[in-house]
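[1] coords please:
(one chain, ligands or ions: 1)
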Amino acid sequence: MTHIAVLGSTNMDLVAYVAKAPQRGETVTGREFRTIPGGKGANQAVAAAHAGSDVSMIGAVGADAFGSQLRTTLEHSGVDTDHLRTTEGPSGTAHIVVDDEGGNAIVVVPGANATVDHLAPGDEVLIAGADALLLQLEIPLAAVLAGAEAARRHSVRTILTPSPVQSLPPELLASIDLLVPNEHEAAALTGVTDPREAATALLDQVPEVVVTLGAAGSLYAARGAEPLTVPAPRVTAVDSTGAGDTFVGTLAVALAEGRPMRAALAWASTAASLSVQRVGASSSMPYRSEIDAQAA
Ligand code: ADP
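    Numbering: from 1, shown residues only. Below you'll find the model as predicted:
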């Protein structure tokens, strides 16, 4: 059995569906309200667990009702939460207004995620025993850096999703094995819009890059090798929320199992294409048997 560690965020998404989003000073009546467990860290953890790995989540939830719900959701997906701390104050929340045209406006309040600015005792031992550490940028950079450096000390593969995109310190990139931006993030990090050129530019800083290209699939680049493009299965997408997180969580499991990169990318693409055909983020992440059935 493989073991994936995730160091990152947990959020409760509070989603209001309206015909038209309110302007400043305006009040509108919404049609529907949903609470959806999310956070890029938690989503990647669920994706990896559904794909068949042991998964441990390092992070924090608040001492509120959302905190217990977020913890329970992870546990129901089989994610170990022994390293998910409960801190005083609120859980991370994302306040989302979705209008009838599918446009959205989002306020993220980090809450407990902001307290994850260091590794707690025991976290490094957990990371040392993992096959890979998954990182994103929804917790303070200090903790992302500490996690990446801990993984590096123990020769554990580090996979970073640079989201929300921001400039990355060289000392962080020095401890990253695989960077997985989407095409917008790749362009923002490099100033280059062509994904292939952006990926090549990123190889100055990290040894391997996968740029996800939405319905067009993904692009892999490594130092000293020709870039590789893997198409995504053609499907009818109904909700692409969490597609990137499904892709990364599943890719990490495939690589931990020792699959070659091309096969790992194809398996991750199959998983992500299944998730976009269903509504929701973590609730839409496919299980291993479904991925295998589709990939067969
Ligand atoms: P993000 O969700 O981070 O913006 P992408 O939109 O690039 O990332 O999607 C991540 C992966 O999900 C893609 O590489 C692809 O494999 C899959 N995917 C996304 N949208 C579609 C789609 N419409 N059809 C099939 N696969 C998709």
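
[2] Where do the helices of the stretch 1-150 of the chain begin and end?
    40-50, 65-76, 123-128, 141-153 (DSSP state H, counting those that start in this stretch).

[3] Looking at these, which one is packed in the most?
    Mean neighbour count, computed with mean count of other CB atoms under 10 Å, is highest for helix 40-50 among the helices of the stretch 1-150 of the chain, reaching a mean of 30. For every residue, glycine as well, the C-beta is placed using N, CA and C.

[4] For stretch 221-228, buried residues please.
    A221, A222, P227 (16 or more other CB atoms under 10 Å).

[5] May I have the distance across that stretch, first residue to last?
    From its first residue to its last, stretch 221-228 covers 6 Å (CA to CA, to the nearest Å).

[6] contacts for it?
    196, 199-200, 202-203, 207-211, 219-220, 261-262, 265 (CB atoms under 8 Å, 6 or more residues apart in numbering).

[7] how about it, does it reach the ligand?
    No: on the criterion CB under 6 Å from any ligand atom, stretch 221-228 is out of touch with the ligand, staying 13.1 Å away.

[8] Likewise for stretch 23-43?
    No: remark: stretch 23-43 sits outside contact range of the ligand, by CB under 6 Å from any ligand atom, the gap being at least 8.9 Å.

[9] low-scoring pLDDT stretches of the stretch 151-296 of the chain, where are they?
    For the stretch 151-296 of the chain, no stretch has pLDDT under 70.

[10] which residue ranges form the strands in it?
    157-160, 178-179, 208-212, 218-222, 228-230 (DSSP state E, counting those that start in this stretch).

[11] so what does the third one touch, helix or strand wise?
    Judged by 3 or more CB pairs under 8 Å, 6 or more residues apart in numbering; DSSP states H and E, strand 208-212 is in contact with strand 178-179, helix 183-190, helix 195-202, strand 218-222, helix 243-256.
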